[in-house]
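*Asks:* Here is my input; please provide its structure:
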Amino acid sequence: MNDLEEIKTLKYRYLRALDTKNWDAFADTLTADVTGNYGASLSFTNRDDLVGFMRASVGPGIVTEHRVGHPEITVDDDTAAGRWYLQDRVIAPEFSFMLFGAAFYTDRYRRTADGWRISATGYDRTYEAKLSLDDLPSFALDVGPAILTEEP
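*Replies:* Numbers count the residues shown, from 1 in each chain. Modelled structure (predicted):
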């Protein structure tokens, strides 16, 4: 597999691990010194803090869906940069809340002894919409087995 395909696969694994709450696999996509910037008030300077926040905030009661496409990736030896178009959805049934939106992810990647890893990630929103599930009287949610409720 060439560098571009490996980086695409890495990004898809990052999102799959996030949406299935597989925190070990999620951590494995990141360098130890990863930086994360998910908006004006949400930033991180290392893997442990970023993964810890996601584990605490996007637990089993929160359903997420992240889709990326239109990758623009440039590779320069053992580093790379990428931009992705993101569409996402967050459903919090306990709070009768749904968010959906779009953004552009900006990533940096580093080749390590274990392959490509994300060394910086973040996004800038193009829009974000929020609604109360109370406004959708027919809303019903069934969560499939792909979402982990405990660590594997």
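*Asks:* C-alpha only now, for contacts and for neighbours.
*Replies:* OK.
*Asks:* residues near Leu30, how many?
*Replies:* If you count neighbours by other CA atoms under 10 Å, Leu30 ends up with 25.
*Asks:* so it touches Asp114, yeah?
*Replies:* No. Counting by CA atoms under 8 Å, Asp114 is not a contact partner of Leu30; they are 10.9 Å apart.
*Asks:* quick one, helices of this structure?
*Replies:* Using DSSP state H, the helices of the chain run over 3-20, 23-28, 47-57.
*Asks:* mean confidence for the second one?
*Replies:* Summarised as a single mean, pLDDT over helix 23-28 is 97.
*Asks:* Pull the residues that contact that helix.
*Replies:* 13-15, 17-18, 47-48, 51, 55, 117, 151 (CA atoms under 8 Å, 6 or more residues apart in numbering).
*Asks:* go on, the last one?
*Replies:* Contacts of helix 47-57 from elsewhere in the structure, counted by CA under 8 Å, 6+ apart, are 18, 21, 23, 26-27, 30-36, 44.
*Asks:* So which of those is the closest to Lys130?
*Replies:* Among the contacts of helix 47-57, Leu18 lies closest to Lys130 (CA to CA), at 20.6 Å.
*Asks:* Next one, pLDDT for Arg55 please.
*Replies:* pLDDT, read off for Arg55, is 95.
*Asks:* neighbours around it, how many?
*Replies:* Arg55, neighbours per other CA under 10 Å, totals 16.
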